[in-house]
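**Student:** I would like the atomic coordinates for the input below:
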Amino acid sequence: MSDKQPFQARDYGNGTLEIITVFPGMTSDHPAISALPILGRKFKNLIFTLEPGASLEVSGFAKLIELSSVTRLKVVTTEPDAHPYLKAGIFTFPRSHEAFLAIKGDEVTELILAKMETIPELNTQAYELLQKLGKPETTFDKLGEIIVKEPGLAAQILKTANSAFFMRRTQADTIQTALSVLGMEGLKQILIVNVFKGLTGYFGAQKEILDHGRACAHLGSHLAELGKVPKQNLGKIKLGGLLHDIGSLALVFYFPKEYAEVRNLIKTQSKRSYEAESIVFGVEHQRLGKLLAQKWGFPDYLCYIIGDHHDLRESSWEELTSPVFCANGFINQTIENVPFTPYYQKLRSYFAHLGGEKMTISDLQDALKKEYEKFQATPPTGI
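**Tutor:** Alright, predicted model coming up:
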């Protein structure tokens, strides 16, 4: 490159153009920068690559911020801290291939979110009630008026409120009484399960993923019981285990052929599922699942379990995520024989933190094996 050729352009052929430059101290007037608005109108995705030694002045960086508001922009640089890229909402990558893969991930995510917007399985009373729960003007009286018109949902709420879990001396014989027993959190859990039932019908015959979720829900809540987790958290952990792979369900449903590549990478290169998904799709099921959960109005703790069950980055929800993480790792390793995230240390620290039963890792694994065998012998009905 020279003053006569201030940048190189690489057209990826799918609406993505990469601009490559080597010049230090580029201002907004530099040809590589001033060309971006024009190129941004022609290409829906731009990758701006700063080769080693290339850099931006403040005015050049400001131009990138301006451009990022009207087109999808990724920056490739070996100096991501040279400017506050992330604060400005601009993602940086060390290599062009990773930036291109991120763009692919954005497109896959947008496509799935758009398709999920209109599916009839979300046009249900349970889904509408779940959305109402997030509004400050919603009261139990208003909810009760809606629920009494839905016999199936009303029966489920009454049955749950009168279950042994709540140990009531008197029966909850009205919807209002049942709602006061369950509380907003209990009602949310019932509604989310109903929404998930609809989604499983939409996603079709993905028995392997659904069975994995059911097993993870059972073993995660079993671990929590062994660890003496507060009773009110058991339902949250069970729900998290059940729904943690919602992102995988979506990827498999919308991209079955491409997901075969994911399974091949898991089998032939010992990639973990989320690693293989990132290679194929540019996005993995944790991130996609969390976005879907947020879109559907699921509570924060559930969004974090879904989005963090392989990584455990969010320490604020660790008490709820850890048993799902450990149950998932155990099932991957022992039952499914696929690459898994090591969970032994987390299992040990989880029990040490909670002050549960004093058990070795071997004891806990044996306990999980026995519980899984019991679960297989008497699988749950329904979901």
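
**Student:** what residue ranges in this structure score low on pLDDT?
**Tutor:** 1-4, 165-169, 205, 350-359, 379-383 (pLDDT under 70).

**Student:** can you pull the buried residues of the longest helix belonging to it?
**Tutor:** Counting residues, the longest helix found in the chain (DSSP state H) is helix 175-203. Within helix 175-203, the residues that count as buried by 16 or more other C-beta atoms under 10 Å are 175, 177-179, 181-182, 186-196, 198-200, 203. From N, CA and C alone the C-beta is placed, and that goes for glycine too.

**Student:** so what touches stretch 195-208?
**Tutor:** Contacts to stretch 195-208, defined as C-beta atoms under 8 Å, 6 or more residues apart in numbering, come from residues 119-122, 124, 126-127, 130, 210, 242-243, 246, 249-250, 252-253, 296, 382-383.

**Student:** repeat that for stretch 136-156.
**Tutor:** 125-126, 129, 132-133, 157, 175-176, 179-180, 187, 190, 194.

**Student:** which positions in it come out as buried?
**Tutor:** Neighbour-count burial for stretch 136-156, counted by 16+ other C-beta under 10 Å, picks out Phe140, Leu143, Gly144, Ile147, Glu150, Leu153, Ala154, Gln156.

**Student:** pull the CA atoms of the host helix or strand of Ile146 into CSV?
**Tutor:** If you go by DSSP states H and E, Ile146 is part of helix 140-147. Output of helix 140-147 as CSV, limited to C-alpha atoms (Å, rounded to 0.1, in the frame of the first residue of the first chain):
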residue,chain,number,x,y,z
PHE,A,140,-52.7,-10.6,41.4
ASP,A,141,-56.3,-9.4,41.1
LYS,A,142,-55.8,-8.6,37.4
LEU,A,143,-53.9,-11.8,36.8
GLY,A,144,-56.6,-13.8,38.5
GLU,A,145,-59.3,-12.4,36.3
ILE,A,146,-57.4,-13.7,33.3
ILE,A,147,-56.4,-17.1,34.7
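
**Student:** give me the angle between the longest helix of the chain and helix 140-147.
**Tutor:** Counting by axes from the mean of the first three to the mean of the last three C-alpha atoms, to 10 degrees, helix 175-203 lies at 50 degrees to helix 140-147.

**Student:** now whichever helix or strand comes after helix 175-203 against helix 175-203, angle please.
**Tutor:** Per DSSP H and E, the first helix or strand lying C-terminal to helix 175-203 is helix 207-226. Per the same axes, to 10 degrees, the angle that helix 207-226 makes with helix 175-203 is 140 degrees.

**Student:** show me what counts as buried in stretch 85-101.
**Tutor:** Judged by neighbour count (16+ other C-beta under 10 Å), stretch 85-101 contains these buried residues: Tyr85, Ile90, Phe91, Thr92, Phe93, Ser96, Glu98, Ala99, Phe100, Leu101.

**Student:** so the first one belongs to a strand, correct?
**Tutor:** Put plainly, it is Tyr85. No: read with DSSP: H, G, I helix; E, B strand; the rest coil, Tyr85 is coil and lies in no strand.

**Student:** in this structure it contacts Phe91, no?
**Tutor:** Yes: applying C-beta atoms under 8 Å as the test, Tyr85 and Phe91 come out as touching, 7.3 Å apart.

**Student:** hey, what's in contact with both of the two?
**Tutor:** In contact with both Tyr85 and Phe91: Val75, using C-beta under 8 Å, 6+ apart.

**Student:** what about the strands in the stretch 1-150 of the chain?
**Tutor:** 8-11, 16-21, 45-50, 72-76, 91-93 (DSSP state E, counting those that start in this stretch).

**Student:** which one of those strands lies nearest to Lys238?
**Tutor:** If you check each of these against Lys238 by C-beta to C-beta, strand 91-93 wins as the nearest, at 35.1 Å.

**Student:** and that closest one, which strands flank it?
**Tutor:** In the sheet, strand 91-93 lines up against strand 72-76 (parallel) (DSSP bridges).

**Student:** dump the partner strand to PDB, restricted to CA.
**Tutor:** Output of strand 72-76 as PDB, limited to C-alpha atoms (Å, rounded to 0.1, in the frame of the first residue of the first chain):
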ATOM      1  CA  ARG A  72     -22.500  -3.500  11.100                       C
ATOM      2  CA  LEU A  73     -18.800  -2.700  11.700                       C
ATOM      3  CA  LYS A  74     -16.000  -4.900  13.200                       C
ATOM      4  CA  VAL A  75     -12.400  -3.800  13.800                       C
ATOM      5  CA  VAL A  76      -9.400  -6.000  13.500                       C
END
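
**Student:** next, the angle strand 16-21 makes with that strand.
**Tutor:** Counting by the same axes, to 10 degrees, strand 72-76 points 40 degrees away from the direction of strand 16-21.

**Student:** in strand 72-76, what counts as buried?
**Tutor:** By 16+ other C-beta under 10 Å, the buried positions in strand 72-76 come out as Arg72, Leu73, Lys74, Val75, Val76.
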